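**Q** just the structure for this:
(2 chains)
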Amino acid sequence: MAPDSDDRSGDSASPRGEGRLLRTARREAAVVFAIWLAAITYTVGYSYTFGYDRPVESITYIYGVPDWVMWGVVLPWAVSTVAAVWFAVFFMTDEPLGEEQAPVDDFDVPSEDWGKS
Amino acid sequence: MSGAAPLGAVAVSAPLAAATGAAGLGALVALAAVIVTSVWLGTVAQRAVRRGTFVKGYFLGNRALGSWAMALTATVQSGGTFMGYPSLVYTHGWVVALWISSYMIVPLASFGVLGKRLAQLSRRTGAITVPDLFRARFDSPAVGLTASLLIMFFLAFMMVAQFKAGASIMKVAWPGAGALALSDDLPMYRLDPPALDVLAKSGQLDAGTRAALEPLVGRGYANRADLAEALQTALAAADDSADKPELRAAIVKAAEQTDWLFYLGLAIFTVTVVGYSLVGGFLAAVWTDLFQSILMFIGVIVLFILVVPAVGGLEVASRKAAAATGPAFLSGPGYSPDGRQFLPLGMAISYFFFWVFAGVGSPAGIVRVMATNSTNTLRRSIVLLAGYNWFIYLPLIAICVAARAVMPALEQSDEVIPRMSLWATRDLPAGSYITGLILAAPFGAVMATVSSYLVVIASGLVRDVYQKFVNPTANDMVIRRLTYLTMIVMGTIAVVANLRPIQYLQALVLFSGGGQAATFVVPVVMLAYWRRATRAGVLASMLGGASTVLGLFVAGWLGYGPSLVGQATRFRPYYLLNCDPIIWGLAVSLVAGVGVSLLTAPPRRELVSKLFDAEPGEAVAGAV
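**A** Sure, this is the predicted structure:
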């Protein structure tokens, strides 16, 4: 693979700076990743600790669901659902998506314009 | 189903038998309704597509997807998900709740991580397809072509296999066609009593030999060799004069399930799905997908409400199910008759990656977030899908645990949902139509999957290969004709490939989903958020992830790796350290992508700035 043509070092920050959409999107992605990490740690951790190789007589039921499934899967699922609603309603921001542009790298005449004229 | 049901299932089947004929009719009516609705949606989609220009309308629905269409279609649902998952709960018990549990994060991950940014980037670059995005972001036709070829590779496998699922469902929906095997992996050989009756009447089969065959009746065999082996054992146990090669050949022939009904099903399925996809493109795929998701939702909720009280509550059901199987049905790593470890710790971790990353990284899903009409749609989609998943996946566990209590010995665990719906609706006036609806939902899911893959593959061949490398100035008419031609050719290839029906669909779903995730998750995150990512880095990331997953599947196919982990299937990967290949694929992809990017020269400043920095006012660099 040939190196890309410009080899100025470091990140190519620009005088204009990154747009608002990109900054909020990065932050939102990080929060989702954190929620995922918390969910896998708790769900798999709890279920493995309390749900594996249990003697059958020690299992109790909550609304008919074995206790470890209730606390290890159903509860975090409920919390995640609430978290998703919080994220969507209160945390994630609306941004304009920008104008549609013709392909940057393409042909002389972008195919999209054939039907318009 | 005839009177002579398989021995183990007699107690279960007898009360069902009366209802089966009617259910067959209900199923056929429901399937016909699904087909008619899909074709109708296709023609409606065609009108919507015509409003814009061909490429953008046909492949991307003019970037106008609303939240319902987005939420209920852009995630990893397929025929395999809805048919395979209930079967696993029935087989292995409550631990499957842990197996599926990462769906709790899927709504956030699918729309909250990349949606906003990809919707913006695809507008800024004018990208119609996922490879378009890669090509524009890295200013490299090679990266675009690689992405395109990898997408086509993973999707084509699965699409061809889905044709078999569609044809099988059509076949068993025929009234009197036999068992309710809605299985996506319908066994290709099975000894049914009517077939043996025919042999007996023609004088080839005497009563003694017939009795010797009784243990084999009703069992499914994946291929000719398996059946032949079972026959030899059974006949050798009977008197030796019965063991004649020509008799064995006749029995094998009689057991062949690929009869004209399968081919009729294949023909109807292919014409329908290729037809409406061709007419309506991307929007037809999305709308039929939405339609089946709603069907599935109604079916599951109705079934849940009927089943749980009828079995006397979930606790009673759980205890009965555990009594019928073993204590492992109630805990991890799950019950298995042969002592395999269905979900050891490594697999539990793997599946918490699997569904989330397969959702984020699936190109068919990425295309849909590119088609969103606004960020508000993405936010509403998160809420809708979170609610949908809660009401689909958790009730299905309850239904299938109850099924194990009511019908402890199903021969084909894939039949669990249709059989439960027959059982639950047996006294209801319109019961057979409810069952029909529940049978039709997975059929709709299979059609929707095939349809969306047809569109993605056609866009790959026509736009990413033909338009970029063969004829860059092709006009609308040429592109349109070529797209139609591509779809017809793909449909034909899928039919030809299924003349000898494809096996192991369930495993192919995991291969294709895991492969796509390992190939695309890291590169797409690099593309969207990392300014320093380079061409070489993103290529290394894609190829590293894809080849790792592929390598582990090839190793497993060759017989390496632990055999008592995960699902029972012959097409299985090498579960290195008890983990699914997706873990190793993602790890290699991440290390290769970051490592190679840092070792190569940084990308051009103008290129990155154009896609990462705020746009200067209103100025739009249109190429017209």
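**Q** okay, residue 10: pLDDT?
**A** You didn't say which chain, so I picked chain A. As predicted, A:Gly10 sits at a pLDDT of 41.
**Q** wait, I meant chain B there
**A** pLDDT at B:Val10 comes out at 30.
**Q** what of the one 3 residues further on?
**A** Confidence at B:Ser13, expressed as pLDDT, is 38.
**Q** which of the helices or strands spans the residue nearest in space to the middle of chain A?
**A** Closest to where the C-alpha atoms of chain A average out (C-alpha atoms, centre = their mean) is A:Val32, at 4.5 Å. Following DSSP states H and E, one finds A:Val32 within helix A:20-51.
**Q** for the record, mean pLDDT for that helix?
**A** 94.
**Q** quick one: buried residues of that helix?
**A** A:21-22, A:24-26, A:28-29, A:31-33, A:35-36, A:39-40, A:42-44, A:46-48, A:50-51 (16 or more other C-beta atoms under 10 Å in any protein chain shown). Where C-beta positions appear, they are placed from N, C-alpha and C, glycine not excepted.
**Q** now stretch B:195-205
**A** Counting neighbours by 16+ other C-beta under 10 Å, the buried set in stretch B:195-205 is B:Ala195, B:Leu196, B:Leu199, B:Leu205.
**Q** got it, and stretch B:112-132?
**A** Buried-residue list, stretch B:112-132, by 16+ other C-beta under 10 Å: B:112-132.
**Q** just the CA trace of it, in CSV.
**A** The C-alpha coordinates for stretch B:112-132 follow below in CSV (Å, rounded to 0.1, in the frame of the first residue of the first chain):
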residue,chain,number,x,y,z
GLY,B,112,-26.9,6.0,18.8
VAL,B,113,-23.3,5.2,17.8
LEU,B,114,-23.0,5.8,14.1
GLY,B,115,-26.4,6.9,12.9
LYS,B,116,-26.0,10.6,13.1
ARG,B,117,-22.5,10.8,11.8
LEU,B,118,-23.1,8.4,8.9
ALA,B,119,-26.2,10.2,7.8
GLN,B,120,-24.1,13.4,7.7
LEU,B,121,-21.1,11.9,6.0
SER,B,122,-23.2,10.2,3.3
ARG,B,123,-24.8,13.5,2.5
ARG,B,124,-21.5,15.3,2.5
THR,B,125,-20.0,12.8,0.1
GLY,B,126,-23.1,12.0,-1.9
ALA,B,127,-22.6,8.3,-0.9
ILE,B,128,-25.4,5.9,-1.9
THR,B,129,-23.8,2.7,-0.7
VAL,B,130,-21.4,1.7,2.1
PRO,B,131,-18.5,1.2,-0.3
ASP,B,132,-19.2,4.8,-1.6
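**Q** centre of the chain to that stretch, how far?
**A** 25 Å (C-alpha atoms, centre = their mean, to the nearest Å).
**Q** related to what we said a few turns ago, chain A next: which of the buried residues of stretch B:195-205 are close?
**A** Applying C-beta under 8 Å from any C-beta of the partner chain, the subset of the buried residues of stretch B:195-205 adjacent to chain A is empty.
**Q** pick out the most distant pair among the residues you listed.
**A** B:Ala195 and B:Leu205 (10.2 Å; C-beta to C-beta).
**Q** rewinding a little: helices or strands up against the helix holding A:Val32?
**A** If contacts are counted by 3 or more C-beta pairs under 8 Å, 6 or more residues apart in numbering or on different chains; DSSP states H and E, helix A:20-51 sits against helix A:67-69, helix A:75-86, helix B:96-100, helix B:106-112, helix B:115-125, helix B:345-361, helix B:505-529.
**Q** pick the most deeply packed of those.
**A** helix B:106-112 (a mean of 29; mean count of other C-beta atoms under 10 Å in any protein chain shown).
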